[in-house]
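**Q** need a structure here:
(one chain, ligands or ions: 1)
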Amino acid sequence: MIGTHLHGNEVFPLIEARQISKTFGKGESATRALRQVSLSIRSGEMISIMGPSGCGKTTLLHVLAGIEKADEGEALIDGKPLQRMNDVQLSAFRLAYMGFVFQTYHLIPVLHALDNVALPLIGRGLADKEAKARALEALEQVGLADKAKRYPSELSGGQNQRVAIARALVGDPKVVWADEPTGALDSHTAEQVLGLLRKMNEQRRTTIVIVTHDPQIAGQTDRIVRMENGRIVSEHPGGGVSNRA
Ligand SMILES: Nc1ncnc2c1ncn2[C@@H]1O[C@H](COP(=O)(O)OP(=O)(O)OP(=O)(O)O)[C@@H](O)[C@H]1O
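**A** Predicted coordinates for the structure are as follows:
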């Protein structure tokens with residue numbers, strides 16, 4: 001029962017892919033990115049998705065986050081089927097439930113760190129002052145309160161990724177999607193960034209889904225899912241499980 005959600009008599013995972021297929025393009029140039037992928041992720045789990053370039057990892061993450069629509073099958077978060085939401089409902093749902101961390105940070109260059117972190121809260125309609133106070137707290141949690149007024153161009157890659165993590169956690173989302181969050185960082189900085197994601201997972205029970213090529217990173221998550229050619233080919237526990245014991 002731990003880590004699952006109870007709705008009436010029903011128990012289901014926080015994130016569920018049911019037989020998802022997705023093809024890009026048509027005819028001879030068609031690419032079958034996902035082939036009937038099914039996956040269940042429990043609330044509070046930290047999971048990594050690995051596999052060779054082009055095997056469908058990012059596409060799976062995008063379908064589960066409601067960024068791409070599946071051709072077949074269903075993506076559900078907290079029992080809610082994303083396909084049945086319109087674009088406005090999906091945007092509101094993403095703002096309320098999800099945070100995102102990308103390999104290239106995706107910070108807004110003309111905003112300083114504090115304003116970048118405050119953005120999801122402003123998007124949710126919080127007053128400016130309250131949003132900034134909470135953004136500063138989030139920056140404190142990633143050890144960057146003293147860099148609040150710096151612009152992305154004035155920060156290192158690792159610092160920018162910590163700002164991006166602060167932005168992902170500021171709204172206390174249920175799920176954080178991290179697509180190659182350490183791909184642009186050296187191994188020491190990568191460890192720091194993973195440590196912050198792990199802290200978020202442990203302290204807030206945030207569910208975290210990481211796409212990574214790095215076995216060191218994947219090895220510290222609770223479960224490693226391996227994909228090949230649009231399918232999940234294996235799943236096994238990572239070292240993160242034993243760390244929790
Ligand atoms: N928008 C798109 N239009 C056409 N083809 C796409 C599109 N997005 C992805 N693809 C194709 O779908 C397949 C899966 O791509 P995806 O980005 O999911 O792979 P990946 O496993 O994340 O790769 P990488 O590790 O290189 O990031 C690839 O063959 C890719 O070229």
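**Q** Okay, the closest residue to Ile15 other than its chain neighbours and the ligand: tell me how far apart.
**A** Closest residue to Ile15 apart from its sequence neighbours, by CB to CB, 6 or more residues apart in numbering: Ile41 at 4.0 Å. To be clear about C-beta, it is placed using only N, CA and C from the backbone, and glycine gets the same treatment. Separation of Ile41 from the ligand (CB to the nearest ligand atom, to the nearest Å): 17 Å.
**Q** quick one: Ile41 and Glu16 touch, right?
**A** Yes: in this structure, Ile41 is within contact of Glu16 by CB atoms under 8 Å, at 7.5 Å.
**Q** more neighbours, those two?
**A** For Ile41 versus Glu16, neighbours defined as other CB atoms under 10 Å are more numerous around Ile41 (23 against 19).
**Q** who's in contact with that one?
**A** Taking CB atoms under 8 Å, 6 or more residues apart in numbering, we find Ile41 in contact with Pro13, Leu14, Ile15, Glu16, Ile47, Thr207, Val209.
**Q** Tell me which of these fall in strands.
**A** In this view, these that belong to strands under DSSP state E are Ile15, Glu16, Ile47, Thr207, Val209.
**Q** where are the low-confidence patches of this protein?
**A** 1-12, 241-245 (pLDDT under 70).
**Q** and it, which residues reach the ligand?
**A** Within the chain, the positions near the ligand by CB under 6 Å from any ligand atom are Phe24, Gly25, Thr31, Ala33, Gly51, Ser53, Gly54, Cys55, Gly56, Lys57, Thr58, Thr59.
**Q** make it 5 Å
**A** Phe24, Thr31, Ala33, Ser53, Gly54, Cys55, Gly56, Lys57, Thr58, Thr59 (CB under 5 Å from any ligand atom).
**Q** Return the closest of those with respect to Glu130.
**A** Thr58 (33.9 Å; CB to CB).
**Q** and the spatially most central residue of the chain, what does it touch?
**A** Centroid check for the chain by CA atoms, centre = their mean gives Trp177 as the closest residue, at 0.6 Å. Listed by CB under 8 Å, 6+ apart, the contact set of Trp177 reads Leu61, Leu64, Ala65, Met98, Gly99, Phe100, Val101, Val209.
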